[in-house]
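Enquirer: After the sequence you'll find the predicted model.
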Amino acid sequence: WFYDPDQLAGPMASRKQRLLDTMLFLYEIQNEFYDRFVKAIRDTGYEGQIVASNWQAGSAFSHFYNLHSDSRIGLIDRHNYFGGVGTMVSNPGSGSLSSGMQQVADRPFMLSEWIHTFPNEFGVEGPAIIGAYGMGLNGWNVSYMFHNGDNGRFRDRLGYKAWDVIAPQVYGIFPAVARQVIRGDVKQSDMVFSRNVHVPSMADGKLGFDDKVQQGYDDKVFSSKTVPAQTLAIGRSVIDFTDTFKPTPTVDISPFISGNKIRSSTGQLVWQTGEHVRDGYFTINTPGTQALVGFADGNTQQLDDASITTHTPFAAVYVSALNADGQINSDKQLLITAIARVRNTGMKYMAGQLIDKGKGPMRAEPVKATIKLNRSGGTLYALDQDGCRTDRSYPINNGQVQIDTARDKTFYYLIEY
């Protein structure tokens, strides 16, 4: 609080120099500790990666002193969470994705703790967004969701812990997102939005751009008017620690905006901004993965090899080439994944607030969707909840399939040609 730019320019103005000196002192002490500790580790013969810290410190000066201190050691690792009643998909660059505003230009970036916290109902958007925009467009290197442990079996109810990766609306999307990430379907952007930080100038109170961190303990939001968090939906947004002071010019993102849509610099991702916290969607359009995620009920999205129309208020619908080097227009097997919200039996909300946790078993909100593929032939098979083929099959007429997860009690379908 004391080191926040608003305080340094306001109530703490008379103490500004003292506070700037204190930040520099703490930065130097932290560096001394890191260097001593890294030497001790290296002296054992260890040659692998070392993470200095995964936390962050305030806004602006304190934040970037701490980030630079971490970057001296190696990769940048951070934590973030998302909760409440809203969604990340409503606001491009928000929530856990905003952690990417801490990516350093010449360092790997890792998000080693993140998840939607119970009772937020929209957990499926997390892996979808981090997979496409974090690991794909922004070129992040590592992602680990936070999990409280389990006994090797699936949960029988939601809310066992506040953080639960094996909730079905979270892990259920992994087969599709894993194929997309490992295959490299979403390309890393060549466009880089840099914020320039000259560490010695911070001792004189010079940064060169505005920086704002909303700190909610485990859940944090990073933003800047100079280089807005929306740049994470366009290209790579990074911190560049420079040898001399260089002001950061204000970024104009208007060339990538049409109406309420933000198009990535690669052209593979389009994000429709929501008008409220339960609105908005995005699309993925690559040769191996094509998807619609968010609030797009009745809204047809025409992608290169498929059009997707959902008939459910909120859903994630993926069409994925199944094979390691497969493409939707030619692979012999396509995986369709369709997931919306999941609740306990008897679970009740009012105005987005949980009023009754309910009990097991869990119940999945049905997803109905129409998918039109730009190829003929094939048969649609319903898979069971383990991904194994059932005896239920459906014809594909002129490339069009209708899925209904209530009818088939599954998240997964297979198209075979």
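Expert: Now that the structure is in, tell me what you want to look at.
Enquirer: give me the number of residues near Glu20?
Expert: Wrong residue type there; residue 20 is Leu, not Glu. 18 (other Cβ atoms under 10 Å). Quick note: C-beta positions are derived from backbone N, CA and C, even for glycine.
Enquirer: That one is in what secondary structure piece?
Expert: Per DSSP states H and E: Leu20 is located in helix 16-42.
Enquirer: Around Gly208, count how many other residues there are.
Expert: Applying other Cβ under 10 Å, we find 18 residues neighbouring Gly208.
Enquirer: sorry, that was for Gly399
Expert: Neighbours of Gly399 (other Cβ under 10 Å): 16.
Enquirer: Is it in contact with Asn374, as I believe?
Expert: Yes: assessed by Cβ atoms under 8 Å, Gly399 is found in contact with Asn374 at 6.4 Å.
Enquirer: ok so, going back, tell me the helix or strand right after the helix holding Leu20.
Expert: Using DSSP H and E, the helix or strand that follows helix 16-42 in sequence is helix 60-71.
Enquirer: Please name every helix or strand in contact with the helix or strand following that following helix.
Expert: Moving toward the C-terminus from helix 60-71, the next helix or strand (DSSP H and E) is strand 76-79. Judged by 3 or more Cβ pairs under 8 Å, 6 or more residues apart in numbering; DSSP states H and E, the packing partners of strand 76-79 are helix 60-71, strand 109-113.
Enquirer: if you set the cut-off to 10 Å instead, what comes out?
Expert: Applying 3 or more Cβ pairs under 10 Å, 6 or more residues apart in numbering; DSSP states H and E, one finds that strand 76-79 contacts helix 60-71, strand 109-113, strand 219-223.
Enquirer: Determine which stretch of these is the most buried.
Expert: Scoring those by mean neighbour count under mean count of other Cβ atoms under 10 Å gives helix 60-71 as the most buried, with a mean of 23.
Enquirer: relative to strand 219-223, how tilted is that helix?
Expert: Interaxial angle of helix 60-71 relative to strand 219-223 (axes from the mean of the first three to the mean of the last three Cα atoms, to 10 degrees): 110 degrees.
Enquirer: What about the closest residue to Gly95 other than its chain neighbours, how many residues nearby?
Expert: Closest residue in space to Gly95, ignoring its immediate chain neighbours: Met88 at 3.7 Å, by Cβ to Cβ, 6 or more residues apart in numbering. Residues contacting Met88 under the criterion other Cβ under 10 Å number 26.
Enquirer: and Met88, backbone torsions?
Expert: phi -80, psi -30 (degrees, to the nearest 10).
Enquirer: go on, Arg392?
Expert: phi -90, psi 120.
Enquirer: For it, give its distance to Lys206.
Expert: 66 Å (Cβ to Cβ, to the nearest Å).
Enquirer: now Thr226
Expert: In terms of Cβ to Cβ, Thr226 sits 14 Å off from Lys206.
Enquirer: Between those two, tell me which one has more neighbours.
Expert: Thr226 (16 against 12).
Enquirer: any common contacting residues for Gly399 and Asn374?
Expert: Asp305, Ala306, Ser307 (Cβ atoms under 10 Å, 6 or more residues apart in numbering).
Enquirer: Which single one of those is nearest to Asp106?
Expert: Distance to Asp106, by Cβ to Cβ, is smallest for Asp305 among the shared contacts of Gly399 and Asn374, at 36.8 Å.
Enquirer: element containing the residue nearest to that closest one when sequence neighbours are not counted, please.
Expert: Once flanking residues are discounted, Asp305 sits nearest to Ile328: 4.2 Å by Cβ to Cβ, 6+ apart. Using DSSP H and E, Ile328 maps to neither a helix nor a strand.
Enquirer: is it true that Ile328 touches Val319?
Expert: Yes: with contact defined as Cβ atoms under 10 Å, Ile328 reaches Val319; the gap is 6.0 Å.
Enquirer: These two: which has the busier surroundings?
Expert: Higher neighbour count among Ile328 and Val319: Val319, with 26 against 23, using other Cβ under 10 Å.
Enquirer: Spell out the residue ranges of the helices in the stretch 151-300 of the chain.
Expert: Along the stretch 151-300 of the chain, counting by DSSP state H, counting those that start in this stretch, helices occupy 168-171, 174-183, 199-202.
Enquirer: picking up where we left off before, what distance do you get for the residue nearest to Gly95 to Val293?
Expert: Taking Cβ to Cβ, one finds Met88 at 10 Å from Val293.
Enquirer: Could you tell me which residues touch both of Ile328 and Val319?
Expert: What both Ile328 and Val319 touch, as defined by Cβ under 10 Å, 6+ apart, is the set Gly288, Thr289, Gln290, Leu303, Asp305, Ala306, Leu334, Leu373, Ile415.
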